[in-house]
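Visitor: here are the coordinates; sequence isn't available:
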Ligand SMILES: Cc1cc2nc3c(=O)[nH]c(=O)nc-3n(C[C@H](O)[C@H](O)[C@H](O)COP(=O)(O)O)c2cc1C
C-alpha cells in the first residue's frame, strides 16, 4: 500500500498523489489555486515529438456521471516542455512524469531519445491508447507484440523508468501488461479513458469517457495485474475523493492519479492529499 513518503523508482515522493495526464495542462496554471508541490509527482499532458493541434470544439462534454473528452492530444511538443518547464519543477522539488505518445512506434522511441537525462523527470508514461497511423488506426495498446516493441525501443534509448499506460478496452489486460513487463516496463498506469460518443447540440463527438464509473473497471484491472506482475502500479480512473484513493491503494496501487475530479472541484487534489495524510496518521483507519 502507498505510504508517506513513498519510494518510487528509487526516488522519494512526498505522497502517493498525482494528477492524471491531460488534466492539469503543463502544470503552471493551477498554482493560482494550490501549490504544485502538493503533488507527489506531476504528470504532463500527452507530449509528442512534433507539436500537435488536436481536435476542433466541442472537446469536453459533461455526461452527468463523468465526462467525455476529445482534446485529441493537443500539445506543443516535448522539446518545448523540457526547455520551458524543467526549472519550474526543479524549483518546486516536484518530480515530473512525462506522458508521451506517437502515431508510429518510431515516434514513441524518439520521445524517449529526446528526453535524455533530465533531473526533473521521474519516469516516462507511455500512453498506448493512440491509433497507429501506419496500421490503419489500431490502438497500440491492444496488441501485446506492439506493446513489447515500444517498451523495448524506449528501454534501449533512455535510462529513465518507463510506465506503460493501458486502457481496459481489451480482451485481457493482464496479457498486454505482461508483454510490457517482459519487455522491461518498470511500472503500469491503469487505466486510461474508454472510447465513447455523445451528441452536443448538432455535433456527434467521439472521445474518451472518464469519471466515477471508471473506478469499477480500473479496480478490477489493477487487482488482476497486481496478482500477476511484480512491478508497481499507478492507479487512475474515477478517483473522486479520499475514500476512492484508499480503495485504489488497498487494491495494490503504489500511487494514484486524479483527473476528472479536478474538473468538478478544482481543490479535489489538495483535499485528497490532506485526507490520505490523516488516514495514514491514524494508522490506516478510516
Ligand atoms: C481532458 C482530459 C485529457 C486527457 N489527456 C490525456 C493524455 O494526454 N494522455 C493520457 O495518457 N491520458 C489522458 N487522459 C486520461 C486521464 O489521464 C485518465 O487516465 C482518465 O481520465 C481516467 O482518470 P479520471 O477518471 O480520474 O479522469 C485525459 C483525460 C481527460 C479528462
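Guide: Nice, thanks for sending it over. Keep in mind that this is a model prediction, so the values were computed, not measured. Numbers count the residues shown, from 1 in each chain.

Visitor: any idea how far residue 216 lies from the ligand?
Guide: Distance, residue 216 to the ligand, by C-beta to the nearest ligand atom, to the nearest Å: 11 Å. All C-beta spots, glycine's among them, are computed from the backbone N, C-alpha and C.

Visitor: With residue 24 instead?
Guide: 10 Å.

Visitor: so who does the closest residue to that residue other than its chain neighbours touch?
Guide: Distance criterion C-beta to C-beta, 6 or more residues apart in numbering; nearest residue to residue 24, sequence neighbours excluded, is residue 30 at 5.3 Å. By C-beta atoms under 8 Å, 6 or more residues apart in numbering, the residues touching residue 30 are 24, 36, 266.

Visitor: Pop out the phi and psi values for the first one.
Guide: Note on residue 24: backbone dihedrals following degrees, to the nearest 10 are phi -130, psi 30.

Visitor: start at 639 instead
Guide: Understood, numbering begins at 639; the last thing we discussed is residue 662.

Visitor: Tell me the spacing between it and residue 779.
Guide: 23 Å (C-beta to C-beta, to the nearest Å).

Visitor: For the residue in the chain positioned nearest to the ligand, the count of nearby residues, please.
Guide: In the chain, the residue that lies nearest the ligand is residue 660 (1.9 Å; C-beta to the nearest ligand atom). Here the count is done by other C-beta atoms under 10 Å, and residue 660 has 22 residues near it.

Visitor: what's the answer for residue 721, then?
Guide: Residues lying near residue 721 (other C-beta under 10 Å) number 10.

Visitor: any idea which helix or strand carries it?
Guide: In the assignment (DSSP states H and E), residue 721 maps to helix 716-729.

Visitor: Buried residues in that helix, which are they?
Guide: 716, 719, 720, 723, 726, 727 (16 or more other C-beta atoms under 10 Å).
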